[in-house]
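Enquirer: how would this look folded up:
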Amino acid sequence: MAKETMIPLLAIAAWSGTGKTTLLKKLIPALCAHGIRPGLIKHTHHDMDVDKPGKDSYELRKAGAAQTLVASQQRWALMTETPGQEELDLHGW
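Expert: Here you go, the predicted model:
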C-alpha cells in the first residue's frame, strides 16, 4: 500500500494592516530557497476581477461562462462564478 502524503498547510489570518503580506513576502522566498514550492490562497471580502473590462476573457465571463481559465506561458488563473453561494467560513477550521 502506498504511503499517504500529507501536504503541509500554514494559515495566516489577521486584521488588515498588521503585516501579513510583509511576512509572506519574506517567508515565500525563504521556503523557495529550501526547495519548497509554496502555493497561496488569498481570500478577499471585496468583489474582484483578474481580467479587465474590454478583454475577451472578461467579456465572455460576463456573458455567462460559469468558469473562465486565462492562460499564458508564465501563469494561469481559473475564475469560477459563484452567485448565491454561501460565503466560505475560512475562520471555522
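Enquirer: tell me the SS of the residue nearest the centre of the chain?
Expert: In the chain, the C-alpha nearest the mean C-alpha coordinate belongs to I41, at 3.7 Å (CA atoms, centre = their mean). Here I41 is coil, with the state taken from DSSP: H, G, I helix; E, B strand; the rest coil.
Enquirer: start at 743 instead
Expert: Happy to do that; since the first residue is 743 now, the last one works out to I783.
Enquirer: quick one: it from A805, how far?
Expert: Distance, I783 to A805, by CB to CB, to the nearest Å: 27 Å. Placement of C-beta: from N, CA and C, glycine included.
Enquirer: mind listing what the residue nearest to the centre of the chain touches?
Expert: Residues counted as contacts of I783 (CB atoms under 8 Å, 6 or more residues apart in numbering): none.
Enquirer: what's the pLDDT at it?
Expert: With respect to pLDDT, I783 scores 79.
Enquirer: look up phi and psi at it.
Expert: Main-chain dihedrals, I783, degrees, to the nearest 10: phi -110, psi 120.
Enquirer: just checking the distance from stretch 786-796 to the centre of its chain.
Expert: 13 Å (CA atoms, centre = their mean, to the nearest Å).
Enquirer: give me the contact list for it.
Expert: Residues contacting stretch 786-796 (CB under 8 Å, 6+ apart): S799, Y800, R803, T810, V812, A819, M821.
Enquirer: just the buried subset of those, written out for PyMOL, thanks.
Expert: Typed into PyMOL, the line below selects the buried ones among these, using 16 or more other CB atoms under 10 Å:
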select buried, resi 799+800+803+810+812+821
